[in-house]
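In: Structure for the following, please:
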Amino acid sequence: MSGLISIDFLVPPTVLILLAALAAWATLWRPHVGVAFAIITTSLLYLAALPVIATRMLEEVEIKTSQKPDFSAAQAIVVLGGGVHPGDGDEVADTLGLWSLERVVLAAQAYRQLKLKVAVSGGRVAGAHTSEASLMKAALETQFDVPVTWVDDQSRTTYENALFIAKLLKADNVTTVVLVTQAWHMRRALWSFERAGLRAIPYPAPPTYDESDRLDDYLPSISALERSYHALHEAIGLAYYRLRY
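Out: Predicted coordinates:
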């Protein structure tokens, strides 16, 4: 999201850490208010870091795809960029981030199964010298022997992914696609593609959460905080998209 405040600012841990710090400073002038606010924000941060809470949040966000989805109407496979590790532009090259790598693997799997043409979408992230789409295309073609037909290397958001890819595909009379991304990102991606005039069928992605119940699920962890972030980021992002677009 462009602008002064991004979605990342509105979800934990960023917003809660900032509010907790402000609450601590507020105790210097209004002790009772500051302490109460600090207790609330740190308690929310603690809850967001609990695996049991993060799991429930992700269950509400992630798309549960059919075990045997119907891809008979699909005309192409679209894989969305999920981040890049920037290099130094000289000795160390840009590389695909973990989310992008997972999507590339799923896209290669979809290609082996469906034998459809592939499109990649994703522009340059901050600090990178190469677009997500270019890196995904190179990985698919050199590492997985999957040819890439369409490349959108300009989009910076999920909505732009859909908008720019739709323009490329509609020029070739493609209106129905198989969409490849993480399960936690799929709901917002599907909405964006439908808004752009493409029918998108979600390709099955593994769930991010673990449904087993263990003692560790009630102890805070960094991984749970990351899952809470994904859940709230997608929920807020989808609400923002519906209001804006």
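
In: Which strand or helix spans residue 118?
Out: In the assignment (DSSP states H and E), residue 118 maps to strand 117-121.

In: Which strands border that strand, and is each parallel or antiparallel?
Out: Sheet pairing for strand 117-121, assigned by DSSP bridges, gives strand 76-80 (parallel), strand 150-152 (parallel).

In: Just the CA trace of that strand, in PDB.
Out: Extracted C-alpha coordinates of strand 117-121, given in PDB (Å, rounded to 0.1, in the frame of the first residue of the first chain):
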ATOM      1  CA  LYS A 117       0.900 -21.700 -20.000                       C
ATOM      2  CA  VAL A 118       2.400 -19.800 -17.000                       C
ATOM      3  CA  ALA A 119       2.300 -16.100 -16.100                       C
ATOM      4  CA  VAL A 120       4.400 -14.500 -13.400                       C
ATOM      5  CA  SER A 121       3.700 -11.200 -11.700                       C
END
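
In: Next, give phi and psi for residue 200.
Out: In terms of degrees, to the nearest 10, the main-chain angles of residue 200 are phi -110, psi 130.

In: May I have the beta-bridge partners of it?
Out: Under the criterion used (DSSP bridges), residue 200 bridges to residue 177.

In: neighbours of the nearest residue to residue 204 once chain neighbours are set aside, just the number please.
Out: Excluding its sequence neighbours, the residue lying closest to residue 204 (CB to CB, 6 or more residues apart in numbering) is residue 65, at 4.4 Å. C-betas here are computed from N, CA, C, even on glycine. Residues lying near residue 65 (other CB atoms under 10 Å) number 15.
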